[in-house]
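K.L.:
Generate a structure from the sequence data that follows.
(chains A, B, C and D)
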Number of protein chains: 2
Amino acid sequence: MRITLKRPALGKSAPRSLVDELCETLAKRIRRDLGKGRSQLPTERELAVEFEVSRTVVREATKRLELQGLLEVRHGIGLRLVDKLHAPLNGALELLLPDAGQRLRQLTETRRVIEPELARLAAERAKPEHLRAMRRTQQQLEKAVDTAEAIDADVEFHRLIAAAAGNGILELVLKSLGELGRESRRATIAVTGSKLVHEHHAAILKQIEQRKPQGAFDAMARHLAAADRDLNDHFVKQK
Amino acid sequence: MRITLKRPALGKSAPRSLVDELCETLAKRIRRDLGKGRSQLPTERELAVEFEVSRTVVREATKRLELQGLLEVRHGIGLRLVDKLHAPLNGALELLLPDAGQRLRQLTETRRVIEPELARLAAERAKPEHLRAMRRTQQQLEKAVDTAEAIDADVEFHRLIAAAAGNGILELVLKSLGELGRESRRATIAVTGSKLVHEHHAAILKQIEQRKPQGAFDAMARHLAAADRDLNDHFVKQK
DNA sequence: TCGATGCAAGAGATCATACCACTAGGAATG
DNA sequence: CATTCCTAGTGGTATGATCTCTTGCATCGA
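P.N.:
Numbers count the residues shown, from 1 in each chain, chains lettered A, B, ... in the order given. The predicted structure is shown next:
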C-alpha cells in the first residue's frame, strides 16, 4: 500500500514543501488511527520508504507533529501516537506570559470567564454517561491518597463539565489551563483540603443533574471565586 | 558572541535532545528580538556555526518554531521573526474539528461565552490608547472599500477589546477564533452590510468609554446574537 | 533614461551516507 | 528465578552534495 505525496507544484503559487505535505498527510492519518486504537506510527526509515522521501523530510515532519501534540518521539522506541491537541496552547501561553505569577492570575481569570458558562451548558446538555463519569471522579477525589491524586480528580471533574458542555474548543482551552494550573491547584488544596473542593463539586453536579443552567452557573462561579480567594490567601501567607 | 547549548546530560533522567535545547533557546531569543524590532534570525548555516551543531539540528528546530508561530521560513530568503502565538491553536482546532460547519458553530458559541466578558473587562480597564485605537478601527470599518478590509477592521475591533481587557490568554484565543472565522464574517457582512456592524461596534464602544461594564457586556452579547442570527440566515438562504 | 532580461550569489530544501546513543527483549549466568 | 549482558532496531546527529528559489545587479535594447 503505497501513498504518494503531492510533489510540490511548479509554478508561481507559493510552493508547498515535502515537509508540509507529509505533515498534513500524517496528521490526518494519526487522527484516524487514534480513533481505531492504534498506538504507533511506522519507523522513520519505514515512512521514508513509504512516502519516497528522505529521512530528513520525515524527521522534520515528526518534529512538527510532536509540537502539535499528535506524536511522542522516543529515542530507541519509535513514534507513539498521542491525543494532546491542547499541548500547543500550553507552549504558546508559556511563551506569551513567561512570568508565572502573571500567567497564573490571567489563567484564573480566564477560568472565571469560561467555566460558569460551561457549567450552564453542561446543565443543558449533559448525557447520562457524563453524569456517571462526574460521579466517579467525585469518588476518586474523595478517596485520593495524596495531593497529586486529588489534583488529577479535580482537573478531570472540570474537564468533564467542559465535555458535557459539548464545545470542543472550550474543552481544549480548559485542558490547557488545567495543565498549566496544576501548581496553583496544589496550593489551593493545601489551604482548604480536598474536602471543600469535593463539596463545591457536589453542589455544581447537583445543579447539572437537576438541569438548572443558572444554578450550575452560580455554583461554579462561587467555587471559582472561593478558589481564587484561597489562592490569594496562600500567596499572602508566603510573603 | 558564542552561545553554547547545554549538551544533553548523560544519565538516567530523560535526555534532552539538541533540537529541544535549540528550540527553547531560539524561542526566547525570538521573543526578545521581536521586542527590539529585529525581523530576521541568522541563516541556518550561521546558526549551525554559532551553536556548534549540524544544520540538521537547526532545520528540525526551525520547523518546530515555525509551527509555534515564532518564525516564517521562506525558501531563498531566510528566517523571518513573526508574532503569531495564536497560530498553534488555529492548527489544533482545525484538527480537532475538521468539519467546517461544526467548527463554525462551536467557534460562534465560544465567542458568545468569551466576548461579552471581555467587553465588561474592557469597560473597567481600557486605557486612552485602547480607546483611540478602537475609534481608528471604526473609521477603517466605515471607509472599507471591500469586504476583506471590512473583515480586517471587524476582527481588529474585537481584538482591541480583548487587548483592553488585559487578559493575554483570552486575547490569544480570540485572535485564533478571529482568523478561523474569517469566512463566517464574510457571510455575515454579506447579509447585513458593514454599516450595521459599525453601529453595533459604536454601541459597544460607547459603553466602554462610559466605563459601564454591564452595559458593555450587554451590547456585545446583543451584537454577537445578531451576528449569529445573520449567519444562520445566510446558511438557510444557501439551502 | 527606463524597462526588460539574464546571471550569479546566497538562501532554504532535499538527498544520501555514516556513525552515535538509547531501548527493549532475549539469552546466559549465578 | 532473578540479574546481567548483548544485540538488533530505534531515534539523534553530523557531513557533504546537489537542487530549487529569491533577489539584486549588470547589461542590453527601445
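
K.L.:
quick one: which helix or strand includes the spatially most central residue of chain A?
P.N.:
Among the residues of chain A, the one closest to the centroid is A:K175, at 2.8 Å (Cα atoms, centre = their mean). Assigning secondary structure by DSSP states H and E places A:K175 in helix A:168-180.

K.L.:
continuing past that helix, what's the next helix or strand?
P.N.:
Heading C-terminal from helix A:168-180, the first helix or strand you meet, by DSSP H and E, is helix A:182-209.

K.L.:
Is there any residue in stretch A:79-95 that contacts DNA strand C?
P.N.:
No - remark: stretch A:79-95 sits outside contact range of DNA strand C, by Cβ under 7 Å from any atom of the strand, the gap being at least 10.2 Å. The C-beta positions use only the backbone N, C-alpha and C, and glycine is treated the same way.

K.L.:
which parts of that stretch are buried?
P.N.:
A:79, A:81-82, A:84-93, A:95 (16 or more other Cβ atoms under 10 Å in any protein chain shown).

K.L.:
likewise stretch A:18-37?
P.N.:
Neighbour counts using 16+ other Cβ under 10 Å place A:18-23, A:25-27, A:30-31 of stretch A:18-37 among the buried residues.

K.L.:
Next, count neighbours for the one residue in chain A that gets nearest to DNA strand C.
P.N.:
Closest residue of chain A to DNA strand C, Cβ to the nearest atom of the strand: A:G76 (2.6 Å). By other Cβ atoms under 10 Å in any protein chain shown, 4 other residues sit near A:G76.

K.L.:
do A:L96 as well
P.N.:
For A:L96, using other Cβ under 10 Å, the count is 19.

K.L.:
Okay, it and DNA strand D: tell me how far apart.
P.N.:
In this view, A:L96 and DNA strand D are 26 Å apart by Cβ to the nearest atom of the strand, to the nearest Å.

K.L.:
That residue: what's it in contact with?
P.N.:
B:85, B:168-169, B:172 (Cβ atoms under 8 Å, 6 or more residues apart in numbering or on different chains).

K.L.:
Can you name the two of these that sit furthest apart?
P.N.:
B:L85 and B:I169 (10.6 Å; Cβ to Cβ).

K.L.:
which residue does chain A bring closest to chain B?
P.N.:
A:P88 (3.3 Å; Cβ to the nearest Cβ).

K.L.:
Let's verify that residue: helix, strand, or coil?
P.N.:
Put simply, A:P88 is helix when judged by DSSP: H, G, I helix; E, B strand; the rest coil.

K.L.:
Distance-wise, check the residue nearest to it when sequence neighbours are not counted relative to A:A202.
P.N.:
Once flanking residues are discounted, A:P88 sits nearest to B:P88: 3.3 Å by Cβ to Cβ, 6 or more residues apart in numbering or on different chains. Distance of B:P88 to A:A202, computed by Cβ to Cβ, to the nearest Å: 36 Å.

K.L.:
cool, and A:F235?
P.N.:
For A:F235, the distance to A:A202 - Cβ to Cβ - is 27 Å.

K.L.:
try A:G37
P.N.:
For A:G37 relative to A:A202 (Cβ to Cβ), the value is 34 Å.

K.L.:
circling back: of the contacts of A:L96, which are in range of chain A?
P.N.:
Here is what survives when those are matched to chain A using Cβ under 8 Å from any Cβ of the partner chain: B:85, B:168-169, B:172.

K.L.:
Any chance of those residues in a markdown table with pLDDT as columns?
P.N.:
Converted to a markdown table, those look like this (pLDDT from 0 to 100):
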| residue | pLDDT |
| --- | --- |
| B:L85 | 96 |
| B:G168 | 96 |
| B:I169 | 97 |
| B:L172 | 97 |
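
K.L.:
closest to B:D230 among the residues you listed?
P.N.:
B:D230 lies nearest to B:L172 out of those, by Cβ to Cβ, at 26.3 Å.

K.L.:
per-residue confidence for the nearest residue to the closest one once chain neighbours are set aside?
P.N.:
With Cβ to Cβ, 6+ apart as the criterion, B:L172 has its nearest non-adjacent residue at 4.9 Å, and that residue is B:H86. Looking at B:H86, its pLDDT is 96.

K.L.:
before we move on, what about the one 5 residues further on?
P.N.:
The per-residue pLDDT reported for B:G91 equals 94.

K.L.:
What are the phi and psi values at the closest residue in space to it that isn't next to it in sequence?
P.N.:
Once flanking residues are discounted, B:G91 sits nearest to A:Q68: 6.3 Å by Cβ to Cβ, 6+ apart. Backbone torsions of A:Q68, given as degrees, to the nearest 10, read phi -80, psi -10.

K.L.:
buried residues in stretch A:187-195?
P.N.:
Quick answer for stretch A:187-195 (16+ other Cβ under 10 Å): A:187-189, A:192, A:194.
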